[in-house]
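Asks: After the sequence you'll find the predicted model.
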Amino acid sequence: EAQVTQNPRYLITVTGKKLTVTCSQNMNHEYMSWYRQDPGLGLRQIYYSMNVEVTDKGDVPEGYKVSRKEKRNFPLILESPSPNQTSLYFCASSYQVLYEQYFGPGTRLTVT
Amino acid sequence: AQTVTQSQPEMSVQEAETVTLSCTYDTSENNYYLFWYKQPPSRQMILVIRQEAYKQQNATENRFSVNFQKAAKSFSLKISDSQLGDTAMYFCAFPDLEYNAGNNRKLIWGLGTSLAVNP
């Protein structure tokens, strides 16, 4: 089954404790992206990747890191999480940036 | 700058009736895709329908269809025979085509329309 998977689905952590949210797709897509979704602000792009070893900042990259060492994986790293990073996070992938994106199930992150 | 506007923050419809969600966008490009996504209470983002701008025929997927007016830059979603499972947030989106060194490669999203289907 073609899909995008994310783990964990829910995470409660404390300020400053490094965490990684994994994302994997099995569709051989070149483009992958991370979003955060907050009430009233819609979907905002954090980072994206056009292909392996090619990543770039989105609209709200501060406090986040990513890597793309393999085509299928695109982890999101929060080196020192803060409460303002409490949000719903989505990973998405697509064949190319101009095409429809397929989303993972989301990760609900709470930073206390 | 390219933008997407969904002017109806909330809508409601009775089960089995038809509802239309509006979306307008702004771009100077000619060839692009437009998308409607659905986000039910489970929070999963689901692609509902895709329209290719170079095609004059409106896209249809079962009970979902679009009214694409390219000149007016309008891309509305019509849901026929509404079902309780259609209750969700609906987002309109299209790719950022005016790429330059200062822009991101991304989809541009509207803020969504919350649709409630009432029994």
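Replies: The structure has been received and is ready for your questions.
Asks: Tell me where the model's unsure across chain B.
Replies: B:1, B:97-104 (pLDDT under 70).
Asks: Could you rerun that using 80?
Replies: Chain B contains residues with pLDDT under 80 at B:1-2, B:27-31, B:96-105.
Asks: interface residues of it facing chain A?
Replies: Within chain B, the positions near chain A by CB under 8 Å from any CB of the partner chain are B:32-33, B:35, B:43-47, B:50, B:91, B:95, B:97, B:104-107, B:109-112. Where you see a C-beta, it was placed from the backbone N, CA and C, and this is true even at glycine.
Asks: show me the contacts for residue A:87.
Replies: By CB atoms under 8 Å, 6 or more residues apart in numbering or on different chains, the contact list for residue A:87 reads A:36-38, A:109.
Asks: Tell me the backbone dihedrals of it, please.
Replies: Taking degrees, to the nearest 10, you get phi -170, psi 180 for the backbone angles of residue A:87.
Asks: Please name the bridge partners of it.
Replies: residue A:109 (DSSP bridges).
Asks: one step back: could you identify the buried members of the contacts of residue A:87?
Replies: A:36-37, A:109 (16 or more other CB atoms under 10 Å in any protein chain shown).
Asks: List just the nearest of these to residue B:11.
Replies: Nearest to residue B:11, judged by CB to CB, of these is residue A:37 at 20.1 Å.
Asks: Which single residue of chain A approaches chain B most closely?
Replies: Using CB to the nearest CB, the single residue of chain A nearest to chain B is residue A:103, 3.8 Å away.
Asks: circling back to that earlier point, show only the entries of the contacts of residue A:87 found in strands.
Replies: Under the assignment DSSP state E, the contacts of residue A:87 contribute A:36-38, A:109 to strands.
Asks: Report pLDDT for the residue of chain A closest to chain B.
Replies: pLDDT for residue A:103: 96.
Asks: What is the neighbour count of it?
Replies: A total of 23 residues lie near residue A:103 under the criterion other CB atoms under 10 Å in any protein chain shown.
Asks: would you list every one of the strands in chain A?
Replies: A:4-7, A:10-13, A:19-25, A:31-38, A:42-51, A:54-57, A:65-66, A:76-78, A:87-94, A:102-103, A:107-111.
Asks: Partner strands of the first one, with direction?
Replies: Looking back up the chat, that one is strand A:4-7. Applying DSSP bridges, one finds strand A:4-7 paired with strand A:19-25 (antiparallel).
Asks: and the partner strand, how far out from the chain's middle?
Replies: 7 Å (CA atoms, centre = their mean, to the nearest Å).
Asks: Now that strand: buried residues?
Replies: In strand A:19-25, counting by 16+ other CB under 10 Å, buried: A:19, A:21, A:23-25.
Asks: hmm, who's touching that strand?
Replies: For strand A:19-25, using CB under 8 Å, 6+ apart, the contacting residues are A:3-8, A:11, A:13, A:32, A:34, A:72-78, A:81, A:89, A:91, A:93, A:102, A:104, A:107, A:109.
Asks: among those, which ones are buried?
Replies: In the contacts of strand A:19-25, the ones that pass as buried (16+ other CB under 10 Å) are A:4, A:6, A:11, A:13, A:32, A:34, A:72, A:74-76, A:78, A:81, A:89, A:91, A:93, A:102, A:104, A:107, A:109.
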